[in-house]
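Undergrad: only the shape, not the letters, is given here:
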């Protein structure tokens, strides 16, 4: 598998950690990613040793906040910061490069107010992450997740990252239809931590991702733009849904790695 590729555990949604290690080993994945919920019952030092034995480096950890709605209440903010602090500590032990987050929904707040609340909520964790050598980032999603996130297009996600002073994780599946994408990439580039790679087949419903190359997203163009503009990070596979299940999760990830890896080699990466 190409060195710039990473495989997220969400591609194997029912797998426990031993099964994930088996999948990653068979695929030859050097970079791997977790959701923080999978790590709650794990001993960090023991898991770190298992990952080292398998030749795996943790690329990122998805941090899902305990509170689904943002709040300006100081007690609520402290609880959110404490949860993120725990994920940062775990990430440091595992040697992870980054953590990317959802924000919590805005409730009855205007977007700008919610953005300031989010920024102030995570501010106590910024120094901890920096000291640990871990990049904090926000990912973009679609409006279907507005109940738990305010980065519902790439433009707003970049704006939020600028307000909070953190990085950006681009889920291209969630923003490929937006206008001015090349310009948005350039705006995001100084903060770009991670790019998630999957595909969309026209007519499919939400959460039905496809192997890159099977759908309508022009991945070779996208990769070319990112590389030309100086992106040095990983491309993380989050593959799930009926198409992936029908093919077989491991088989789908292997084919995704072959497709994107060949494009990266062709583009000189």
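TA: Received the coordinates, thanks. Computed from a predicted structure; not experimentally measured. Residues are numbered from 1 along each chain as shown.
Undergrad: please, where are all the strands along the protein?
TA: Under the criterion DSSP state E, strands of the chain are mapped to 5-8, 31-35, 57-63, 98-101, 135-139, 167-171, 192-197, 235-237.
Undergrad: need these in a markdown table with distance to residue 45, can you?
TA: For glycine as for every other residue, the C-beta is placed from the backbone atoms N, C-alpha and C. Compiled in a markdown table, these are given as follows (distance: least, CB to CB, whole Å):
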| stretch | distance to residue 45 |
| --- | --- |
| strand 5-8 | 22 |
| strand 31-35 | 15 |
| strand 57-63 | 13 |
| strand 98-101 | 19 |
| strand 135-139 | 22 |
| strand 167-171 | 27 |
| strand 192-197 | 25 |
| strand 235-237 | 25 |
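Undergrad: output the ones you listed as TSV; include the columns mean neighbour count, distance to residue 145 and mean pLDDT.
TA: Output for those, formatted as TSV (neighbours: other CB atoms under 10 Å; distance: least, CB to CB, whole Å; pLDDT from 0 to 100):
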stretch	mean neighbour count	distance to residue 145	mean pLDDT
strand 5-8	27	17	98
strand 31-35	23	15	97
strand 57-63	23	13	97
strand 98-101	25	13	97
strand 135-139	25	10	98
strand 167-171	25	11	98
strand 192-197	25	14	98
strand 235-237	28	18	98
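Undergrad: mind checking which of these is nearest residue 265?
TA: strand 5-8 (11.4 Å; CB to CB).
Undergrad: mind listing what that closest one pairs with, with the direction of each?
TA: strand 31-35 (parallel), strand 235-237 (parallel) (DSSP bridges).
Undergrad: quick check: which of the ones you listed is nearest to residue 263?
TA: strand 235-237 (9.8 Å).
Undergrad: so what pLDDT did residue 22 get?
TA: We have a pLDDT of 97 for residue 22.
Undergrad: burial measure for it, as a count.
TA: 14 (other CB atoms under 10 Å).
Undergrad: check residue 201 too.
TA: So residue 201, with other CB under 10 Å, has 14 neighbours.
Undergrad: distance of the closest residue to it other than its chain neighbours relative to residue 92?
TA: Using CB to CB, 6 or more residues apart in numbering and skipping residues adjacent in sequence, the residue nearest residue 201 is residue 215, 4.4 Å away. Here the distance between residue 215 and residue 92 works out to 37 Å (CB to CB, to the nearest Å).
Undergrad: again, but for residue 111
TA: Distance of residue 111 to residue 92, computed by CB to CB: 32 Å.
Undergrad: residue 208 contacts residue 245, doesn't it?
TA: No. Here residue 208 does not reach residue 245: they are 9.9 Å apart, not a contact under CB atoms under 8 Å.
Undergrad: so the two - more neighbours on which side?
TA: residue 208 (16 against 13).
Undergrad: what residues are up against that one?
TA: Residue 208 makes contacts with 201, 241, 242, 243, as judged by CB atoms under 8 Å, 6 or more residues apart in numbering.
Undergrad: the residue nearest to the last one when sequence neighbours are not counted: how many residues sit nearby?
TA: What sits nearest to residue 243 in space, not counting adjacent residues and going by CB to CB, 6+ apart, is residue 210, at 5.0 Å. Residues near residue 210, counting by other CB under 10 Å, number 23.
Undergrad: tell me the bridge partners for residue 210.
TA: residue 199.
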